[in-house]
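Student: Sequence and predicted model, in that order:
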Amino acid sequence: LERGRTAAPGTVVVRVVPVTGNDTTRKFNPRRPGERTAEPVELPMDPTETVAAFKARACEALGLEGGDTERRLRATNGFEEPQELLDEVNYKNEPAIIKFCNVRSGDLLLLEEGRVPRRGDMDVLVYLWCPERAGQDPMEDPTAGLEEKKGDEDA
């Protein structure tokens, strides 16, 4: 048995922990998971509350000033492993409601650095291939070999 007040009927109580140093891309990066900087804080959430409103309340409870615009919520599984981000806007571009986010009482939510991508945002990976440096060791001087070609053109 634990001491404390019981939650009101219909209220979900979750644990929230701040995370710093995480990768800020949408998909969780196990190479840069970040560090949990405090003990989890239990917060009640009303299922009709928006994700953005709950995030602002969580930032206030954890003492993160002005952090609600620079933070995002990520769900975890039963083993407290990071899963998907909680979107703040649904597919109709309306504020997302907690009851549609599959958050259950007792769940741990990570309050990470970064922002939730908005509709229309996309991550693009760009690779640059330079044929002049194709056989070159990337640790060598990047200008090595280019001077020879410049000298040949002048002759």
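Tutor: Good, I have the coordinates. Numbering: from 1, shown residues only.
Student: Okay, now the sheet partners of the top strand by length along the chain, with direction.
Tutor: In the chain, assigned by DSSP state E, the strand with the most residues is strand 12-20. The strands beside strand 12-20 in its sheet (DSSP bridges) come out as strand 35-36 (antiparallel), strand 41-45 (antiparallel), strand 108-113 (parallel).
Student: ranking these by burial, who's on top?
Tutor: Compared across those, strand 108-113 shows the largest average neighbour count, a mean of 22 (mean count of other C-beta atoms under 10 Å). For the C-beta atoms, the positions are set from N, CA and C on the backbone; glycine is no exception.
Student: what does that one rub up against?
Tutor: By C-beta atoms under 8 Å, 6 or more residues apart in numbering, the residues outside strand 108-113 that reach it are 14-22, 24, 34, 36, 40, 55, 58-59, 62, 64, 67, 70-76, 80, 82, 86, 103.
Student: Likewise for stretch 19-29?
Tutor: Against stretch 19-29 from outside (C-beta under 8 Å, 6+ apart): 31-37, 74, 82-83, 85, 110-117, 123.
Student: Also stretch 86-100?
Tutor: If you take C-beta under 8 Å, 6+ apart as the criterion, stretch 86-100 is touched by 12, 45-52, 54-55, 72-75, 101, 103, 109, 116, 118-119.
Student: buried set for it?
Tutor: Within stretch 86-100, the residues scored as buried using 16 or more other C-beta atoms under 10 Å are 86-89, 96, 98.
Student: Out of these, which is nearest to residue 130?
Tutor: Of all the buried residues of stretch 86-100, residue 130 sits closest to residue 87, with 38.9 Å by C-beta to C-beta.
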